[in-house]
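**Q** The sequence isn't on hand, but the structure is:
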């Protein structure tokens, strides 16, 4: 049985924490739960942003999604981009982190530089890379001057190359984030582990596989999951870089949602696509997190 | 077991974060009019319509409409329609909206029509951008979309003259190519620019023969997959197959295409008449213009009557909004900037070019003659803002089809996509 004074002290402290939690919950409810529920409701209607009323149409929007070739193409592109970019950004991030995991001032400066792509606005990233990829851009100028190609390469004009170009840019941006995550993880690996490995005769490759990869496994879970989610909802970079072209070849699902909502005026249908994308992101994030967490335990 | 719970919580948090940005855009709120004592005015910036231009023009109109206070709302891009819809969705629909596509808002009753007597009294084509007989934007100016601009020196070098028929156009392109000159410049990386040849071909060949085509498409009487439309679209594919566009045309931005054409890197440039504002003064005698060629050589002008601003029915001060809009629309200073910088053709009654005090290129004068002369004017498909405006996002799909024709010879398949997009947009 607690003394009364302790009970009051605990209750007062708990009340403070509960108030903070309640405020957080309130914000979460207002800015996430309510919009989600409103979108869910809208997804069963024919809501139009220019009209005041809407009609309940049941699952018609969801049925239509099954026969929407443009949605299918945008989802496939988004998924391919998410998988490819996540892989590249995480491999590049780990390699860069290993390279920058030094204490000298130069490396500390380079770490900041490595994080820059993540800090810069997606719109600016899009404009800068558009200037690099365009016909008379920096990349084609360089390749032509070095006699790597005779003719400028159609980086943003050929559908497949445009998809690849978008992937490169997004991977570049995300590599800033993954580098920092892996760097933090690397700095927490005790040097003694490497020393013990060396004494046991482990080579550099074995030390990497048996120590580094295993010790950064929790960071990998975070990095991979956030990278995937970032790409699944990608809008700004692609909008500036290619506007989803040529011929919708680089249109992400998020772009399709915005276009459907604010250009075609089909709020209800756009909401249905948004709900689908939310569910898809949830399934992918849960699956990947679950697999990677199991891997952490196995390692 | 506790660890699994922690993992579950972390996953839930991640998922919630993922949903946030995806869903916020699609949530809706009740609409409402602008509050406060001043009128909100949606504008957009371009290299010609600069912040300084807006500031001056608003000040002049306010002077002409005393007592009206205006608060400018600048769209983040030139796509003011999408921004207007976002504002409408969040209950902030502006009181005045510059150069929007009224057809997208009239069905919802969001725009106030102008008095027909005032329109009739002041404008050359009073019904130029009317929707079901009502005018929601004063028809102050017009554009031809596209015209074909050409480099006279490169034409002379290849010993060719401006073509009138499609057959002649192909022959000219072939001779230019044979002489080592890139026949056609195209800033295809920007979808609207990629769509120029397709706009020209469909406007001239399809609407030129059947001006009611878009209305008939609404009624389901015609389709994009009809033989005449496919034949017109095939012309664009022909230009691609014959290699008449510059190499990597879809990798060239609109801005670079202007620079390239002005630098004499290509002989022809299909573009809206706003390009007239981008011809450098030292090139005024070098750049000529001709209309998009037709099969029989007749002149068909793909025309779009633009204008100034629409007025929201939600504006609390309708009288003030109307007074400001009328003053802005009749201000010769605004039109001077649009004529010189944007290649706009003025449509005010009883005024000549000299009345605006403008200094324009010979190409402008030649282009303006297509407006003033008696010829076949048809709605420029994808650009007209009257009853012939395309529904929903069909403009974007139209541009996408033009880009697709660079990589596929399935012209009918691309036209079928437009039919599908039309059906989706009109649901």
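**A** Nice, thanks for sending it over. Computed from a predicted structure; not experimentally measured.
**Q** Would you map out the domains in the chain?
**A** All of this refers to chain A. What automatic domain parsing lists as the domains of chain A is A:1-37, A:43-298.
**Q** should've been chain B
**A** B:39-139+B:306-364, B:144-304+B:380-425.
**Q** which one of the ones you listed is the most hemmed in?
**A** Stretch with highest mean neighbour count among the domains of chain B: domain B:144-304+B:380-425 (a mean of 21; mean count of other C-beta atoms under 10 Å in any protein chain shown). The way it works is simple: take the backbone N, C-alpha and C, and place the C-beta from them, glycine included.
**Q** any idea how far that domain is from the chain center?
**A** Chain-centre distance of domain B:144-304+B:380-425: 13 Å, with C-alpha atoms, centre = their mean, to the nearest Å.
**Q** can you give me the end-to-end distance of it?
**A** Using C-alpha to C-alpha, to the nearest Å, the end-to-end distance of domain B:144-304+B:380-425 comes to 26 Å.
**Q** got it, and stretch A:49-57?
**A** End-to-end for stretch A:49-57, by C-alpha to C-alpha: 16 Å.
**Q** Pull out the buried residues from it.
**A** Neighbour-count burial for stretch A:49-57, counted by 16 or more other C-beta atoms under 10 Å in any protein chain shown, picks out A:49, A:50, A:51, A:54, A:57.
**Q** Of those residues, which one scores lowest on pLDDT?
**A** Taken together, the buried residues of stretch A:49-57 show their lowest pLDDT at residue A:51, with 79.
**Q** so what's that one up against?
**A** B:107, B:108 (C-beta atoms under 8 Å, 6 or more residues apart in numbering or on different chains).
**Q** Spell out the secondary structure type for it.
**A** coil (DSSP: H, G, I helix; E, B strand; the rest coil).
**Q** hang on, residue B:388 packs against residue B:212?
**A** No. With contacts counted by C-beta atoms under 8 Å, residue B:388 stays clear of residue B:212, the gap being 9.2 Å.
**Q** near chain B, which residues of the stretch 51-200 of chain A show up?
**A** A:51-52, A:68-70, A:130, A:133-136, A:151-159 (C-beta under 8 Å from any C-beta of the partner chain).
**Q** are any of those residues buried, and which?
**A** Judged by 16+ other C-beta under 10 Å, buried ones among these: A:51, A:68, A:70, A:130, A:133-136, A:152-159.
**Q** tell me which element whichever residue of chain A sits closest to chain B falls in.
**A** Proximity of chain A to chain B (C-beta to the nearest C-beta) peaks at residue A:157, 2.9 Å away. Using DSSP states H and E, residue A:157 is not contained in any helix or strand.
**Q** do the same with residue B:378
**A** strand B:376-379.
**Q** Ramachandran angles for residue B:268?
**A** Phi and psi for residue B:268, reported as degrees, to the nearest 10, are phi -130, psi 150.
**Q** Residue B:238 too?
**A** phi -60, psi -40.
**Q** Quickly note the distance from the closest residue to it other than its chain neighbours to residue B:244.
**A** Nearest non-adjacent residue to residue B:238, counting by C-beta to C-beta, 6 or more residues apart in numbering or on different chains: residue B:170, 7.4 Å away. Distance, residue B:170 to residue B:244, by C-beta to C-beta, to the nearest Å: 8 Å.
**Q** sorry, back to before: single out the most deeply packed of the domains of chain A.
**A** Neighbour counts (mean count of other C-beta under 10 Å) averaged over each of the domains of chain A peak at domain A:43-298, with a mean of 18.
**Q** Now do that domain: distance to the chain's middle.
**A** 5 Å.
**Q** so where do the strands sit in chain B?
**A** Along chain B, counting by DSSP state E, strands occupy B:39-43, B:70-74, B:96-98, B:111-112, B:141-144, B:147-151, B:182-184, B:266-271, B:287-291, B:300-305, B:309-312, B:345-346, B:376-379.
**Q** Show me the contact partners of the third one.
**A** When contacts are defined by C-beta under 8 Å, 6+ apart, strand B:96-98 is touched by residues B:39-44, B:70, B:80, B:84, B:308-312, B:315, B:321, B:324-325.
**Q** how about 10 Å then?
**A** B:34, B:39-44, B:49, B:54, B:57-58, B:61, B:70-73, B:75, B:80-81, B:83-84, B:87, B:105, B:110-111, B:136-137, B:307-312, B:315, B:320-322, B:324-325, B:328 (C-beta atoms under 10 Å, 6 or more residues apart in numbering or on different chains).
**Q** Out of the residues you listed, which are close to chain A?
**A** Of the residues in the contacts of strand B:96-98, proximity to chain A by C-beta under 10 Å from any C-beta of the partner chain holds for B:81, B:83, B:84, B:87, B:105, B:110.
**Q** The residue of chain A closest to chain B and residue A:77: what is the separation?
**A** Taking C-beta to C-beta, one finds residue A:157 at 17 Å from residue A:77.
**Q** start to end distance for stretch A:152-162?
**A** End-to-end span of stretch A:152-162 (C-alpha to C-alpha): 14 Å.
**Q** Any stretches of chain A with poor pLDDT?
**A** Residue ranges of chain A with pLDDT under 70: A:1-2, A:297-299.
**Q** among the buried residues of stretch A:49-57, which two are most distant?
**A** Using C-beta to C-beta, the two most remote members of the buried residues of stretch A:49-57 are A:50 and A:57, lying 17.5 Å apart.
**Q** Any residues of the stretch 51-200 of chain B in contact with chain A? List them.
**A** Residues of the stretch 51-200 of chain B lying close to chain A (C-beta under 10 Å from any C-beta) are B:76-77, B:79, B:81-90, B:93, B:104-110, B:187-192, B:194.
**Q** and with 8 Å instead?
**A** Within the stretch 51-200 of chain B, the positions adjacent to chain A are B:81-82, B:85-86, B:88-89, B:104-105, B:107-108, B:110, B:188-191, B:194 by C-beta under 8 Å from any C-beta.
**Q** Take these and keep only those in helices.
**A** B:81, B:82, B:85, B:86, B:88, B:89, B:104, B:105, B:191, B:194 (DSSP state H).
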